[in-house]
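**Q** quick one: sequence plus predicted model below, questions after.
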Protein chains: 2
Amino acid sequence: MEQQMPNWLKKRAELTPERTALIFENKSYTFLQLYQSASKAAGQLAFAGISSGEVAAVLLPNHSDSVMILYALQMMGVRTVILNNRLTAKELAWQLEDSDAAALISEDSFEEKLSQIKKESTIKILPKEKIFQFPEADFQLLEEYHLDEVTTVMYTSGTTGSPKGVLQTYGNHWWSAAASALNIGLQENDKWLCAVPIFHISGYSILMRSLVYGMCVVLYRNFNERIVLEGIEQHRVTIMSAVSTMLLRLTDALGETRLPEFFRCLLLGGGPAPLSLLETCKQKGIPVYQTYGMTETSSQFATLAPEYSLEKLGSAGKALFPNQIKIISELGIEVPAQSEGEIIVKGPNVTPGYLHREDETKEKIKKGWLHTGDLGYLDKDGFLYVLDRRTDLIISGGENIYPAEIEGVLLGHKAVEDAGVIGVADPEWGHVPLAFVVRKAGAAIDESSLISYCTDSLAKYKVPKGIVFSESLPRNASKKLLRRKLRDWAAGQGETHEPSKD
Amino acid sequence: MEQQMPNWLKKRAELTPERTALIFENKSYTFLQLYQSASKAAGQLAFAGISSGEVAAVLLPNHSDSVMILYALQMMGVRTVILNNRLTAKELAWQLEDSDAAALISEDSFEEKLSQIKKESTIKILPKEKIFQFPEADFQLLEEYHLDEVTTVMYTSGTTGSPKGVLQTYGNHWWSAAASALNIGLQENDKWLCAVPIFHISGYSILMRSLVYGMCVVLYRNFNERIVLEGIEQHRVTIMSAVSTMLLRLTDALGETRLPEFFRCLLLGGGPAPLSLLETCKQKGIPVYQTYGMTETSSQFATLAPEYSLEKLGSAGKALFPNQIKIISELGIEVPAQSEGEIIVKGPNVTPGYLHREDETKEKIKKGWLHTGDLGYLDKDGFLYVLDRRTDLIISGGENIYPAEIEGVLLGHKAVEDAGVIGVADPEWGHVPLAFVVRKAGAAIDESSLISYCTDSLAKYKVPKGIVFSESLPRNASKKLLRRKLRDWAAGQGETHEPSKD
């Protein structure tokens, strides 16, 4: 039976109107104020021609205005494609085209990217500065959210190269929020600090929890360890989401001091933290909850409680209450504890599929189980260990980078015969991409010009930090690239096919 | 899209195996122990011939064994008719017949009722003392709960007289638990005291919250204010469910002392508390959350936060986060604030309907809205005030009594021409039933013999506390009994048809 719930923000404006919903740059908004502002924005968006049932894309930074716009779109029933700010105009134009978005809502700070997008696409661009000048037109406010309806789309790349739009329903977000509350509890004084991007599921899910719990979000434009530490004290923050890079900078900035007692949970995404960092956190009294999750699971899916962080080092914990995890062999059969295999997941927070990608949806989601492509195992106590994210995923400062996407760009260069990309460890970002390239016979191109070429098509964080030229790349009989071999090469363990740095 | 979740108790045994799940008579059980005991009971029930997809009835008191049996049945996917212990054998036999239950699981302490039921019914009776001697047979443990499937049935009477089985799905219980957590929060140290019957939704819903939250239930056979006060201190209870009668006895027993600081929520069901009681609670620091709910909404549906308890005296607060309330006129049209009408409710915790009562289901649930039959209004701030429960419902010590049911029994007596029942205020129970009876011409029967006659067919709490004989009863043109007039009579405001106490 399909379920409905009352419109979340409207309900919050009725239930807890005076509670603080959002703090941004020292300005506070109650739920009632947010509801009024978002309703006004909805009227202005309606005037701009955006209406229920349509698809709109947003290119917006972490800002209170962005929150109003995202809430307005949600309340109007406009399916919202939430774009990653770090992408190039070329990448953005591709996603706008792929998603059939009717308009792009953005702001003047993205002027340069927007003018480039205009060259690549015919999409109607609506900067917020213009929208907020419009009069308010009538619009249809959803009194109820149908939990099976898609409300957001976030693009994620895959092993096959081109990004796919992950569909996220109202229900996905609701269940994700409920599952998290059942895991870490819910206290009246909770405030969740968001210095991760709201265009990512890591940040957007904090907004959804705010609505579902009636909880305050303390929002930052970006992550600055000193400002965040001040904010934790000033606003009495109890919970925060972070990736390892951020946590490292935070512990460094803390020096000899500790976080205040009321701070009760640091939710850590983007891959396991190193032992040294966890030990530092223990000393400083930072309760770290390591998590496993992805855009397709609408944020965290499994979490490791802090009391296990050292004993179960490297584990992402157990699947949250509504969630299930299995490890399967290549034959699709569940394997016993301690045995490696593909991680498959099931739960009401799992995406119904990929936008306009019926075949890939069917291939990845079978009988409700999402085949993540990640490798891992469950230990005898049922704790999950992720060995390799989606075989070759590179996580760099919390951003996902798919080697196939970079390889595709490199192969587009006329001088490149073959290309392979892997992640190599980096003290600041966790991992960064490194490319192996085979030049075409007679072609002459050097590292810096190939890197500069990549910069045109790829977001900065995806651009290879180095290029290693080689005579050939390791491929198996069916010509599949063996990235594991490339990693051996990078670690200096190569035997044959010795690569040469040009 | 129909949702599935992992088996709740099994999941709890995996996620939080060592956490205390239940305390009963100073014996504690962890979630792992409960799972093991319930699994064993499931094997024994399977040996007794009970299997998935069947209907079983239970007649069980508040006891740890009862919890194991209820969890076993839930994990087996056996639809469980949970019978009210206070009913007579006659009433129970009727519900067993109506529900098509294949077996009745009970215990020797109900020997007398069970032997009477044997006379009225051919149902297989399985006392727990026998079940626990059985070997364990193989049984099908549900790995997943399908949220749309019915797991429990609880009988409730209606204005039409004969009781109806309210269907409750796994999803109903899940949403009810989630809604309550979003309302009052969820803390690691939470312990919920249950001295209300687990055969009622008020008690059963505490068990469901325990599974969903991973929270400890402190269970009592029945309510004794001194023992409960000791238990709150000893087990560091944070939350408790009660009705006004219980709360009154609790505050009396407290005397000059206060409840401990860690006690954070008293959830009050069964109608509004009087001002004097609320003032006493405020003085003693008891945070009272007044609620509105019913078997059909799988427990609380609206709740009044303690900070409003005096300002909004008599209100049941606002609908919980996933829930909606409207007030409609007799024409079915939503009425404005402050206007009286029928209370209709919608939410994922609302029953899909009544067992074997398709017509009544259609009549009461329209487009997802349950027509409660209760009268009330919403004030301008959206707070619900319940004026009259299901027109004539009598709530006595937390038990629902339907006048029509008692009238039916009275009319079955050969000397009774007409009968009408109302509730009158009672210092101990809130309300008790009072009957108005018209004797047949020439018939001679007195109050005590008619009361004694009622005792054979009605649970003790339903038997009229007094009988007033009258020459006729106030009925309207279409012969509908005007119970409001009877209430005027009882209040001594009658003008015509002056009744005479025999």
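**A** Done, it's in. Residues are numbered from 1 along each chain as shown, chains lettered A, B, ... in the order given.

**Q** what are the buried residues along the host helix or strand of residue A:489?
**A** Element membership of residue A:489, judged by DSSP states H and E, is helix A:483-490. Along helix A:483-490, these residues count as buried under the neighbour rule (16 or more other CB atoms under 10 Å in any protein chain shown): A:483, A:485-486, A:489-490. Every residue, glycine included, has its C-beta placed from N, CA and C.

**Q** cool, stretch A:232-243 as well?
**A** For stretch A:232-243, by 16+ other CB under 10 Å, it's A:232, A:235, A:237-243.

**Q** kindly report the same for stretch A:449-469.
**A** A:450-451, A:453-454, A:457-459, A:461-465, A:467-469.

**Q** cool, and stretch A:10-23?
**A** A:10-17, A:20-23.

**Q** out of those residues, which sit inside helices?
**A** Judged by DSSP state H, helices contain the following of the buried residues of stretch A:10-23: A:10-15.

**Q** ok, which of these also contact chain B?
**A** Counting by CB under 8 Å from any CB of the partner chain, A:11, A:14-15 from those sit close to chain B.

**Q** same list (the residues you listed) but as a markdown table, adding pLDDT.
**A** Output for these, formatted as a markdown table (pLDDT from 0 to 100):
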| residue | pLDDT |
| --- | --- |
| A:11 | 98 |
| A:14 | 96 |
| A:15 | 95 |
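
**Q** which residues touch the spatially most central residue of chain A?
**A** Against the mean C-alpha coordinate of chain A, by CA atoms, centre = their mean, the closest residue is residue A:200 at 3.8 Å. The contact partners of residue A:200, by CB atoms under 8 Å, 6 or more residues apart in numbering or on different chains, come to A:84, A:154, A:295, A:398.

**Q** same thing with residue A:204?
**A** A:70, A:82, A:152, A:154, A:198.

**Q** redo those as TSV? Include distance to chain B.
**A** As requested, these are arranged in TSV below (distance: CB to the nearest CB, whole Å):
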residue	distance to chain B
A:70	20
A:82	22
A:152	17
A:154	20
A:198	22
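
**Q** and of these, the nearest to residue A:393?
**A** residue A:154 (15.7 Å; CB to CB).

**Q** I'd assumed residue A:198 was in contact with the closest one.
**A** No - the pair residue A:154 / residue A:198 is not scored as a contact, 11.0 Å apart, by CB atoms under 8 Å.

**Q** now for the two: what residues contact both?
**A** Joint contacts of residue A:154 and residue A:198 (CB under 8 Å, 6+ apart) are A:82, A:204.

**Q** on that earlier part again, how near is the residue nearest to the centre of chain A to residue A:156?
**A** 10 Å (CB to CB, to the nearest Å).

**Q** residues shared between the contacts of those two?
**A** residue A:295.

**Q** just put the ones in helices among the buried residues of stretch A:10-23 in CSV and tack on distance to residue A:106.
**A** CSV is the format used below for those (distance: CB to CB, whole Å):
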residue, distance to residue A:106
A:10, 26
A:11, 29
A:12, 27
A:13, 27
A:14, 32
A:15, 33
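
**Q** residues from the stretch 251-400 of chain A in reach of chain B?
**A** A:318-319, A:321-324, A:346-348, A:352, A:368, A:382.

**Q** give the pairing partners of the helix or strand hosting residue A:385; include direction for each.
**A** Using DSSP H and E, residue A:385 sits within strand A:384-388. Using DSSP bridges, the strands paired with strand A:384-388 in its sheet are strand A:315-319 (antiparallel), strand A:369-378 (antiparallel).

**Q** compare these and give me the one nearest residue B:96.
**A** Of all these, it is strand A:315-319 that lies closest to residue B:96, at 40.0 Å by CB to CB.

**Q** the next helix or strand after the closest one packs against which elements?
**A** Next helix or strand after strand A:315-319 toward the C-terminus (DSSP H and E): strand A:324-328. The contact analysis (3 or more CB pairs under 8 Å, 6 or more residues apart in numbering or on different chains; DSSP states H and E) places strand A:324-328 against strand A:341-346, strand A:369-378.

**Q** lowest-confidence stretch among these?
**A** Mean pLDDT is lowest for strand A:369-378 among the helices and strands packed on strand A:324-328, at a mean of 92.

**Q** what's the angle between that strand and strand A:324-328?
**A** Interaxial angle, strand A:369-378 versus strand A:324-328 (axes from the mean of the first three to the mean of the last three CA atoms, to 10 degrees): 70 degrees.

**Q** buried set for strand A:369-378?
**A** Those buried within strand A:369-378 under the rule 16+ other CB under 10 Å are A:369-370, A:372-378.

**Q** export those to CSV and append columns for distance to residue B:64.
**A** Below are the buried residues of strand A:369-378 laid out as CSV (distance: CB to CB, whole Å):
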residue, distance to residue B:64
A:369, 36
A:370, 39
A:372, 41
A:373, 46
A:374, 42
A:375, 43
A:376, 38
A:377, 37
A:378, 32
